[in-house]
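> A predicted structure for the sequence below; I have some questions about it.
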Amino acid sequence: LNYAKTHFVLSAPDINHLPVDGGVEIAFAGRSNAGKSSALNTLTNQKSLARTSKTPGRTQLINLFEVEPNCRLVDLPGYGYAQVPEQVKRKWQQSLGEYLQKRESLKGLVVLMDIRHPLKDLDQQMIDWAVQSNLPVMLLLTKSDKLASGAQKQQLNMVKEAILPFQGDITVATFSSLKRTGLEQLKQKLDEWFSQ
Ligand code: GDP
């Protein structure tokens, strides 16, 4: 697919406001500040498709983008932002779980994690929900340019080990929006999921 053709469709306040559950959707999730907006911008070769905000956690909306008819990218709200009230956090977590478990058109989940701080509780929760729903997962270890190549490999291997107990269809790759590392691997995986 030509990801450069991706365009914004709509923002939804919650999963009940998403468009009709048809076609193929691939969701992007991650803690606030994990580099999700940057990754979406890099993938689509657009400077500000997904807003890269200096204020993490500000966007609590689900943003939908269309690559081509019936092929959508879903930018889920960043989680784990400390300044969000506990009740709001719980509501979001619940609706994220619901989306992952109930959305028929959802064919894959990309979870973005800072390579220096991977697999926090909520990351593991996302992976767990996806695996329970037989949803394939791609884990991107973002901002890989922040580590030397030896340390990158170490983190990659550590994450690969740590996810074995999940027993799911999980792919792990290092990623850098700055250096465009892992971009081809991401596109390949998305192509695979979209073509099912
Ligand atoms: P989001 O909250 O997950 O959407 O994260 P953003 O994409 O807004 O990125 C959060 C911060 O990390 C910003 O200051 C980005 O400039 C920075 N960042 C994102 N991707 C990279 C990367 O590949 N390398 C480096 N060095 N910094 C990055």
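Nice, I can see it.
> which residues touch the closest residue to residue 145 other than its chain neighbours?
The shortest distance from residue 145 to any residue that is not its chain neighbour, by C-beta to C-beta, 6 or more residues apart in numbering, is 4.3 Å, and that residue is residue 176. For every residue, glycine as well, the C-beta is placed using N, CA and C. Applying C-beta atoms under 8 Å, 6 or more residues apart in numbering, one finds that residue 176 lies in contact with 142, 143, 144, 145, 182.
> in a markdown table: those residues, plus neighbour count.
What follows is those, written out as a markdown table (neighbours: other C-beta atoms under 10 Å):
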| residue | neighbour count |
| --- | --- |
| 142 | 27 |
| 143 | 25 |
| 144 | 25 |
| 145 | 16 |
| 182 | 21 |
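> do you know how far the residue nearest to residue 145 is from residue 75?
19 Å (C-beta to C-beta, to the nearest Å).
> how about residue 89?
Look at residue 89 and residue 75: by C-beta to C-beta, they are 18 Å apart.
> the two: who's more crowded?
Neighbour comparison, residue 89 and residue 75: the larger count goes to residue 75, with 24 against 16 (by other C-beta atoms under 10 Å).
> how close does residue 67 sit to the ligand?
With distances taken as C-beta to the nearest ligand atom, to the nearest Å, residue 67 is found 19 Å from the ligand.
> what of residue 103?
Separation of residue 103 from the ligand (C-beta to the nearest ligand atom): 21 Å.
> wait, what's in contact with that residue?
The neighbourhood of residue 103, defined by C-beta under 8 Å, 6+ apart, consists of 15, 18, 21, 25.
> for the longest helix belonging to the chain, buried residues please.
Using DSSP state H to assign secondary structure, the helix with the most residues in the chain is helix 86-102. Counting neighbours by 16 or more other C-beta atoms under 10 Å, one finds that the buried residues in helix 86-102 are 89, 92, 93, 95, 96, 97, 99, 100.
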